[in-house]
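Peer 1: build me a model from this:
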Amino acid sequence: MSGAAWHARIVCGKEVGAGFLVSARRVVTCAHVVRWSGASEVTVSFPNSRELGPVRATVAVHGGWAGGAADPGDLAVLELDREVPVEPAEFAPPGAELGGPDAGLGTAAPTLVAYGFPKGYDEGMLARYQAVPGALVSDEWRQLEAVTAHGQPLAPGFSGAAATLADGRVVGMVSTVAGARDTRVGRMLPTQVMVRYWPELCELIPTSEHRPDAVRRLYSVVRRAVAQGVACDPDRLYVDAVGLLGPPLPEGGFASLGAAAGYVQWEVPDTEAVARFADRLRELLDVQPARPAAPSWSPILVEIEHSGAGPDQVTVEVSAYRDGHRRRVGSRRLPRSAVRAYVQERIDEAFTQLAPDADELITFVLPREWLNEPVAHWECGADDSTPLGCAYPLVVVDRSRHRSGRLRHQLAKKWQKLDAFPGARLHRVECGGTPERPPMLRKRLRDDDADLAGFSFPPATARPHFEVGLNTPVPVLLWPRTGCADTGHDGPCSGAAFLDELAAAVTGVPPAELPRHVMVLRETAYADEDPDRHWARDVQLLWDDPRRFPEPPASLHSPVA
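Peer 2: Numbers count the residues shown, from 1 in each chain. Okay, here's the model as predicted:
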């Protein structure tokens, strides 16, 4: 093991765990090892390369682990403050922890070695275990049992350690250690589960079916296409790559190019499909001019959901995204009255995680009954009374829609079309006259392929109509937080006046620019001589482009399964 300099020791507050280097600046570990990263510094050291000293790190990717011992997604990817001159870990093919996919039932599983840091052994200790064959525990973990009754048990300090074959290749990550001193069992996340929470690992895990150069080319082209904002349909690319006789398109399609590429790599028997996918994508790159998203938003995400601990208790989590990777800033269960102060503090901290030239976008992911919350009016901080919505582009997103794979897929396809549009057209949802029944509204929005809907009333006035807008789906919704409180009335009203002003203000504005455009409208209202009477004072913007926001953690199935 002396040559395996990629083994890492991780310290976060009082928590000590292990990890392993997978690139010059990326280290994989368990999410629970860095659970306090919002309040404590994370440092990474390499015991077999002591001359490097400790290196500061931040959480770049979080697998969605919710905090419980049986919760899935206990994986985190750390980004080091600097590159380290260490050869990263190498991976074995999926299933190698049991002897490989062709190993018979009577074949003994190979001995696996884990390098961890139990209390009193800062330099590390080795533990030898074997994977138990059979089904994964809860489709998540491979159970581990000690090779002997006298060796080092998987104690605290081994969480996040790479489980390796005798030649040092990684087959998984230790995630659960024994609960009792003399108990010599544990669990690991095998690589086919790890990629659920960080699909980029697909590129690092070898397969006997594909040439390494073909896989490297595939992901090189995918990264270039994403960076240049090339408009393409992952579903169509997949169908072109596999042909008419290939596996059908998975239900719901693909939410991203990377997801489609991983599926072609791992699930399609025809090895030439990888080359065809890359070739077709390369053709699109060659014929379309490079066009970066305008602007390339870097979201600061504020997620609020009911905690289950009582009607007044919610869970609030704040994250920042840099280079497309999530950096969790803080998470806490709070009474509703304490949410605003906590969010103000964490948003300020989240800005330290953004790149210097980032276009920040404050995004509140809210329960459906919170969508009318005046978050744009919340002050920037205790010493700055400027409303958040006047200081930064600020949008809201419906939590149910944010978590729906079906709706995210449909929205992503819509945005691919919207990127080519010079401006949006407002579809009005009126409150006066004869109310439009929800089924008719749904048909109208679908027939018109609506991308921007304006409501003359807040959600509580006619919730079924808002449900239509959220579930159709329409990428952008706007409404007055304090508009008409009734529908079906006669004569002019404030809601109709709001829609008239809104249509004049947003028609022709590119949809991608709407968050900044609405911020300017809020600033204008805030600076008006009579701000309370300005039509844009209470405008609420639901702006939902899944490509700019993180995918929900933990897709149900692994592309390496």
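Peer 1: which stretches of the stretch 1-150 of the chain have low pLDDT?
Peer 2: Within the stretch 1-150 of the chain, the segments meeting pLDDT under 70 span 1-3, 38-39, 100-107.
Peer 1: one more time with 80
Peer 2: Across the stretch 1-150 of the chain, the ranges flagged by pLDDT under 80 are 1-3, 37-40, 100-108, 149-150.
Peer 1: and the closest residue to R346 other than its chain neighbours, how far from G253?
Peer 2: Spatially, and ignoring its direct neighbours in sequence, R346 is nearest to V318 (3.7 Å; Cβ to Cβ, 6 or more residues apart in numbering). Where you see a C-beta, it was placed from the backbone N, CA and C, and this is true even at glycine. When distance is defined by Cβ to Cβ, to the nearest Å, V318 is 31 Å away from G253.
Peer 1: ok, now L388?
Peer 2: According to Cβ to Cβ, L388 and G253 sit 35 Å apart.
Peer 1: compare neighbour counts for the two and give me the winner.
Peer 2: Set L388 next to G253 and count neighbours by other Cβ atoms under 10 Å: L388 wins out with 26 against 19.
Peer 1: just checking, the more buried one touches I362?
Peer 2: Yes. With contacts counted by Cβ atoms under 8 Å, L388 reaches I362, the gap being 6.1 Å.
Peer 1: what do the two both touch?
Peer 2: Contact criterion Cβ atoms under 8 Å, 6 or more residues apart in numbering; residues shared by L388 and I362: I347, L394.
Peer 1: ok now whatever helix or strand G186 lives in, how far from the chain's centre?
Peer 2: In the assignment (DSSP states H and E), G186 maps to strand 185-190. Centroid displacement of strand 185-190 relative to its chain, using Cα atoms, centre = their mean, to the nearest Å, is 24 Å.
Peer 1: and what of stretch 8-22?
Peer 2: 22 Å.
Peer 1: let's number from 40 now, not from 1
Peer 2: Understood, numbering begins at 40; the last thing we discussed is stretch 47-61.
Peer 1: would you mark the buried spots in it?
Peer 2: By neighbour count with 16 or more other Cβ atoms under 10 Å, stretch 47-61 contains the buried residues 47-51, 54-61.
Peer 1: and L373, how far is that from E388?
Peer 2: 16 Å.
Peer 1: so A317: helix, strand or coil?
Peer 2: helix (DSSP: H, G, I helix; E, B strand; the rest coil).
Peer 1: before we move on, what about R262?
Peer 2: Three-state call for R262 (three-state DSSP): helix.
Peer 1: then I339?
Peer 2: Quick answer, by three-state DSSP: I339 is strand.
Peer 1: same question for the one 4 residues further on.
Peer 2: In three-state terms, and counting by three-state DSSP, I343 is strand.
Peer 1: can you check the one 4 residues further on too?
Peer 2: The three-state assignment at G347 reads coil, by three-state DSSP.
Peer 1: now the phi/psi pair for it, please.
Peer 2: Main-chain torsions, G347, degrees, to the nearest 10: phi 90, psi 0.
Peer 1: contacts only, for it.
Peer 2: The contact partners of G347, by Cβ under 8 Å, 6+ apart, come to none.
Peer 1: and stretch 172-187, which residues are buried?
Peer 2: Under the neighbour-count criterion of 16+ other Cβ under 10 Å, stretch 172-187 has L175, E179, W180, R181, Q182, L183, A185, V186 buried.
Peer 1: so which elements touch the helix or strand harbouring the fourth one?
Peer 2: This points to R181. For R181, the host element (DSSP H and E) is strand 181-185. Strand 181-185 makes packing contacts with strand 164-170, strand 224-229 when contacts are defined by 3 or more Cβ pairs under 8 Å, 6 or more residues apart in numbering; DSSP states H and E.
Peer 1: which of the buried residues of stretch 172-187 lies closest to R440?
Peer 2: Nearest to R440 among those: E179, at 26.3 Å, using Cβ to Cβ.
Peer 1: so how far is P251 from the closest one?
Peer 2: Distance from E179 to P251, by Cβ to Cβ: 29 Å.
Peer 1: next one: S259
Peer 2: Distance, S259 to P251, using Cβ to Cβ: 12 Å.
Peer 1: quick one: which of those two has more around it?
Peer 2: Ranked by neighbour count (other Cβ under 10 Å), S259 and P251 place S259 first, with 13 against 9.
Peer 1: for the strand or helix carrying the more buried one, could you pull out the residues that count as buried?
Peer 2: Per DSSP H and E: S259 is located in helix 251-267. Residues V254, R256, L257, Y258, V260, V261, A264, Q267 are the ones in helix 251-267 that count as buried (16+ other Cβ under 10 Å).
Peer 1: I'd say the fifth one and L320 touch.
Peer 2: So that's V260. Yes. Between V260 and L320 there is a contact under Cβ under 8 Å: 5.0 Å.
Peer 1: picking that back up, just list whatever residues bridge to the residue nearest to R385.
Peer 2: Bridge pairing for V357 (DSSP bridges) gives the partners V341, G369.
Peer 1: that one and L114, how far apart?
Peer 2: When V357 is compared with L114 (using Cβ to Cβ), they lie 20 Å apart.
Peer 1: do the same with V123
Peer 2: 21 Å.
Peer 1: do I have it right that L517 meets S495?
Peer 2: No. Under the criterion of Cβ under 8 Å, L517 makes no contact with S495, lying 10.3 Å away.
Peer 1: so which of these two has more stuff around it?
Peer 2: Higher neighbour count among L517 and S495: S495, with 25 against 21, using other Cβ under 10 Å.
Peer 1: what is the burial count for the nearest residue to the more buried one once chain neighbours are set aside?
Peer 2: Nearest residue to S495, sequence neighbours excluded (Cβ to Cβ, 6+ apart): G534, at 2.9 Å. The number of residues packed near G534 is 26, by other Cβ under 10 Å.
Peer 1: confirm that G534 sits in a helix.
Peer 2: Yes. Under three-state DSSP, G534 falls within a helix.
Peer 1: that one contacts C523, doesn't it?
Peer 2: Yes. Judged on Cβ under 8 Å, G534 makes contact with C523 at a distance of 3.8 Å.
Peer 1: okay, and the common contacts of these two?
Peer 2: With Cβ under 8 Å, 6+ apart as the test, G534 and C523 both reach C470, S495, F496.
Peer 1: ok so, going back, kindly reformat the buried residues of stretch 47-61 as TSV containing secondary structure.
Peer 2: TSV is the format used below for the buried residues of stretch 47-61 (three-state DSSP):
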residue	secondary structure
A47	strand
R48	strand
I49	strand
V50	strand
C51	strand
E54	strand
V55	strand
G56	strand
A57	strand
G58	strand
F59	strand
L60	strand
V61	coil
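Peer 1: which of those sits closest to D422?
Peer 2: D422 lies nearest to C51 out of the buried residues of stretch 47-61, by Cβ to Cβ, at 29.5 Å.
Peer 1: is the closest one bridged to anything, and to what?
Peer 2: C51 has these beta-bridge partners by DSSP bridges: E54, V81.
Peer 1: wait, what's in contact with it?
Peer 2: For C51, the contact set (Cβ under 8 Å, 6+ apart) comprises V72, V73, R74, W75, S76, S79, E80, V81, T82.
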